[in-house]
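Participant: Take this sequence and fold it.
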Amino acid sequence: MALQFVFGNSGAGKSHYLYNFIVKEAMENPKRNYLVIVPEQFTMQTQKDLVMAHPNKGIMNIDVLSFGRLAHRIFEEVGQNQRIILDDTGKSLILRKIAGDCGKELRVLGGNLKKHGYISEMKSVISEFTQYNVDDETLERIAEHAGEQTYLYWKLRDISKVYRGFREYLSGKYITNEELLDVLCYVVKDSEILRDSVVVLDGFTGFTPVQNKIIGELMNISRRVAVTVT
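Facilitator: Numbers count the residues shown, from 1 in each chain. Okay, the predicted model is just below:
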């Protein structure tokens, strides 16, 4: 395992350097897998850039993936995750049901959850909690620290109830896109696709805790991990 950082200002040519390096190595080692992991919105452009950089205009042993697509690819290989993956609409519907079931218990959010756009805001908050390993117990501790005399205390208690209800509803049946990465961490070691591969991470300004965990697992199984850093 080797870890490589490619440093440079924005526009300095970090991606160009890495893509040329990947293309050259992929041609020399046709049986090795090369994975370029980029943010979801950059996958198509990155594929185009790599194809244009390749002398043969083809990238047979180079895959361009987001973290989410990497999870799906590895699950298909190792046969994990049989739960239904919820999209944003599904999350919103579940949150509406939970809000209806426990609305009378919510001192701050009870009336607001019926307002236009509020469910969408709750969905975004829960998504961030999942990505940054914030659970309802953490919210309870923060609320206790704030004190019962504060508005923050009661708002956090309400959010914690909704969050707990959301997780209980999903338990064993559904999984969110954010949770996919947590599951991926446990199966990386079983993947032949990743074993002895070269992994490049490009286009990120930072990583969430669960993404950092995945990178750590990739470093244990891959031949090399390269990361561009602005």
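Participant: CA atoms for contacts and neighbours, from now on please.
Facilitator: Fine.
Participant: OK, contacts around residue 10?
Facilitator: residue 230 (CA atoms under 8 Å, 6 or more residues apart in numbering).
Participant: where does the protein dip in pLDDT?
Facilitator: 80-82 (pLDDT under 70).
Participant: mind checking how far residue 190 is from residue 78?
Facilitator: Distance of residue 190 to residue 78, computed by CA to CA, to the nearest Å: 7 Å.
Participant: To clarify, my last question referred to residue 68.
Facilitator: Using CA to CA, residue 68 is found at 16 Å from residue 78.
Participant: out of those two, which sits in the more crowded spot?
Facilitator: Shown here are residue 68 and residue 78; by other CA atoms under 10 Å, residue 68 has more neighbours (17 against 14).
Participant: Surely that one is in contact with residue 179?
Facilitator: No. The criterion here is CA atoms under 8 Å, and residue 68 misses it with residue 179 at 9.9 Å.
Participant: in this protein, which spans are strands?
Facilitator: Counting by DSSP state E, the chain has strands at residues 2-7, 34-37, 62-65, 84-86, 174-176, 198-201, 224-229.
Participant: mind giving me JSON lines with those strands and columns for distance to residue 14 and mean neighbour count?
Facilitator: Listed next are the strands of the chain as JSON lines, based on distance: least, CA to CA, whole Å; neighbours: other CA atoms under 10 Å:
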{"stretch": "strand 2-7", "distance to residue 14": "6", "mean neighbour count": "13"}
{"stretch": "strand 34-37", "distance to residue 14": "13", "mean neighbour count": "24"}
{"stretch": "strand 62-65", "distance to residue 14": "17", "mean neighbour count": "21"}
{"stretch": "strand 84-86", "distance to residue 14": "35", "mean neighbour count": "15"}
{"stretch": "strand 174-176", "distance to residue 14": "33", "mean neighbour count": "18"}
{"stretch": "strand 198-201", "distance to residue 14": "11", "mean neighbour count": "24"}
{"stretch": "strand 224-229", "distance to residue 14": "7", "mean neighbour count": "19"}
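Participant: Reformat those as JSON lines; add distance to residue 154.
Facilitator: What follows is these, written out as JSON lines (distance: least, CA to CA, whole Å):
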{"stretch": "strand 2-7", "distance to residue 154": "45"}
{"stretch": "strand 34-37", "distance to residue 154": "41"}
{"stretch": "strand 62-65", "distance to residue 154": "41"}
{"stretch": "strand 84-86", "distance to residue 154": "29"}
{"stretch": "strand 174-176", "distance to residue 154": "27"}
{"stretch": "strand 198-201", "distance to residue 154": "41"}
{"stretch": "strand 224-229", "distance to residue 154": "41"}
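Participant: Compare those strands and give me the one nearest residue 142.
Facilitator: Of all the strands of the chain, it is strand 174-176 that lies closest to residue 142, at 24.8 Å by CA to CA.
Participant: Direction included, what does the closest one pair against?
Facilitator: Note on strand 174-176: by DSSP bridges, its sheet partners are strand 84-86 (parallel).
Participant: List of residues touching the strand it pairs with?
Facilitator: With contact meaning CA under 8 Å, 6+ apart, strand 84-86 is reached by 173, 174, 175, 176, 177.
Participant: Give the burial count for the spatially closest residue to residue 137 that is not a sequence neighbour, as a bare number.
Facilitator: Nearest residue to residue 137, sequence neighbours excluded (CA to CA, 6 or more residues apart in numbering): residue 160, at 7.9 Å. Applying other CA under 10 Å, we find 20 residues neighbouring residue 160.
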